[in-house]
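Asker: Sequence and predicted model, in that order:
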Amino acid sequence: MTDKITFGPDLVRSLLRDQHPDLADLELQDVEGGWDNQQFRLGAELAVRLPRTQRAPGLLRTEQKWLPVLAERLPLPTPTPVRVGQPSSLFEHTWTIVRWVDGDPADRAPVTRVGAAEVLAEFLAALHKQAPADAPVNPTRGIPLAGMRDGTDTWFDLIAGHANADGAREVWEKALAAPDWRGTPRWLHGDLHPANVVVRDGTLAGVIDFGEMCAGDPATDLSAAWILLPDGAAARFFDAYGQADEATVTRARGWAVLRALGLIGIGRNGRLGLPGGKPTWEPAGYAALDRVLEW
């Protein structure tokens with residue numbers, strides 16, 4: 001596959017007629033957004049996800065295998081796969097038909113209700129159970145933070161001169177010095193940022209895009225206390241979650257700094273009109289950084 005391509009509805013309709021003809025006549029709407037996968041809403045209750053980057057087919061296969069195993073115990077809607085599209089002469093990669101999760105992505109409609117802290121805590125407490133030995137691992141999620149040290153100077157260059165630059169680096173250094181996770185690997189979503197949750201009426205209404213799901217240190221996901229929730233909600237979140245010791249919270253703050261810098265970098269690219277940029281992410285990243293430092 002090329003770095004990133006776009007598909008049209010005619011291809012999706014052809015794939016449906018070829019492999020899932022009982023769904024082929026449902027209304028089809030292109031959905032704005034998406035990074036590794038392009039999404040089309042299919043009827044009222046389903047969506048089609050087609051991979052469009054080099055790594056996307058592998059992410060879809062992770063979702064196809066593992067999300068149905070976990071979805072039943074999760075208290076928020078998820079895009080659970082209901083059909084799997086096979087590679088064919090029409091399209092050489094796997095693709096998926098999933099449950100539609102209704103709501104607006106949080107990068108367009110941020111979480112505003114402090115009570116979302118308990119909603120997120122309930123979701124992550126249900127997800128963060130011991131993972132089986134054959135659960136996927138991820139080279140950049142759920143690992144000891146020392147494994148993320150290389151390249152961080154470049155990330156911090158993004159906020160050089162900003163009032164929060166020194167404070168952000170201090171949080172990061174404290175996280176590096178914190179004890180590593182000593183428990184058994186836990187199931188993780190792995191990629192909780194504003195574009196991967198949906199919001200209705202100011203609160204969390206669903207969690208999407210499980211392609212990075214893996215086993216490891218829950219601190220990666222717990223960074224969402226600052227990345228997703230509004231001002232003043234992080235303490236409520238950790239009280240409700242009830243499973244994070246001081247070292248885990250310290251590591252989670254370090255992960256939150258990294259995630260915020262990632263949002264800022266992608267947002268900056270969008271502001272400058274560069275490929276792959278999303279301008280709404282830059283203010284979301286700075287807001288998250290403020291919340292981390294206010295802890």
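Answerer: Received it, and whenever you're ready, just let me know what you need.

Asker: and residue 232, backbone torsions?
Answerer: Dihedral angles of residue 232 (phi, psi; degrees, to the nearest 10) stand at phi 80, psi 0.

Asker: how close does it get to residue 117?
Answerer: Separation of residue 232 from residue 117 (CB to CB, to the nearest Å): 9 Å. C-beta: built from backbone N, CA, C; applies to glycine.

Asker: same thing with residue 231?
Answerer: The value you get for residue 231 to residue 117, if CB to CB is used, is 11 Å.

Asker: quick one, which of the two is more surrounded?
Answerer: Taking neighbours as other CB atoms under 10 Å, residue 231 and residue 117 compare with residue 117 leading, 26 against 12.

Asker: helix or strand for the more buried one, which one?
Answerer: According to DSSP states H and E, residue 117 maps onto helix 116-127.

Asker: Next secondary structure after that helix?
Answerer: In N-to-C order, the element after helix 116-127 by DSSP H and E is helix 152-157.

Asker: quick one, helices of the protein?
Answerer: 9-19, 56-71, 116-127, 152-157, 165-177, 219-222, 224-227, 234-241, 246-271, 281-294 (DSSP state H).

Asker: Can you tell me what sits against the fifth one?
Answerer: Put plainly, it is helix 165-177. By CB atoms under 8 Å, 6 or more residues apart in numbering, the surrounding residues in contact with helix 165-177 are 145-146, 149, 152, 156, 159, 250-251, 253-258, 260-261, 289, 292-293.

Asker: repeat that with 7 Å
Answerer: By CB atoms under 7 Å, 6 or more residues apart in numbering, the residues outside helix 165-177 that reach it are 145-146, 149, 152, 156, 159, 250-251, 253-254, 257, 289, 292-293.

Asker: could I get the residues you listed as JSON lines with neighbour count?
Answerer: Converted to JSON lines, the contacts of helix 165-177 look like this (neighbours: other CB atoms under 10 Å):
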{"residue": "145", "neighbour count": "22"}
{"residue": "146", "neighbour count": "10"}
{"residue": "149", "neighbour count": "11"}
{"residue": "152", "neighbour count": "17"}
{"residue": "156", "neighbour count": "17"}
{"residue": "159", "neighbour count": "21"}
{"residue": "250", "neighbour count": "20"}
{"residue": "251", "neighbour count": "27"}
{"residue": "253", "neighbour count": "24"}
{"residue": "254", "neighbour count": "24"}
{"residue": "257", "neighbour count": "28"}
{"residue": "289", "neighbour count": "26"}
{"residue": "292", "neighbour count": "25"}
{"residue": "293", "neighbour count": "19"}
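
Asker: Tabulate those residues in a markdown table, adding columns for pLDDT.
Answerer: Shown next, in a markdown table, are these (pLDDT from 0 to 100):
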| residue | pLDDT |
| --- | --- |
| 145 | 96 |
| 146 | 94 |
| 149 | 90 |
| 152 | 86 |
| 156 | 95 |
| 159 | 96 |
| 250 | 98 |
| 251 | 98 |
| 253 | 98 |
| 254 | 98 |
| 257 | 98 |
| 289 | 97 |
| 292 | 98 |
| 293 | 96 |
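
Asker: Out of the residues you listed, the closest to residue 182 would be?
Answerer: Checking these against residue 182 with CB to CB, the nearest one is residue 251 at 11.7 Å.

Asker: Look at the closest residue to that closest one other than its chain neighbours and say how many residues are nearby.
Answerer: Distance criterion CB to CB, 6 or more residues apart in numbering; nearest residue to residue 251, sequence neighbours excluded, is residue 219 at 3.8 Å. Counted with other CB under 10 Å, residues neighbouring residue 219 total 27.

Asker: and residue 153, what pLDDT?
Answerer: With respect to pLDDT, residue 153 has a value of 85.

Asker: weakest of the helices of the chain by average pLDDT?
Answerer: helix 152-157 (a mean of 90).

Asker: how far does it sit from the chain's center?
Answerer: 22 Å (CA atoms, centre = their mean, to the nearest Å).

Asker: And the residue nearest to residue 51 when sequence neighbours are not counted, how far from residue 6?
Answerer: Leaving aside its sequence neighbours, residue 51 sits nearest to residue 57 (CB to CB, 6+ apart; 4.7 Å). According to CB to CB, residue 57 and residue 6 sit 16 Å apart.
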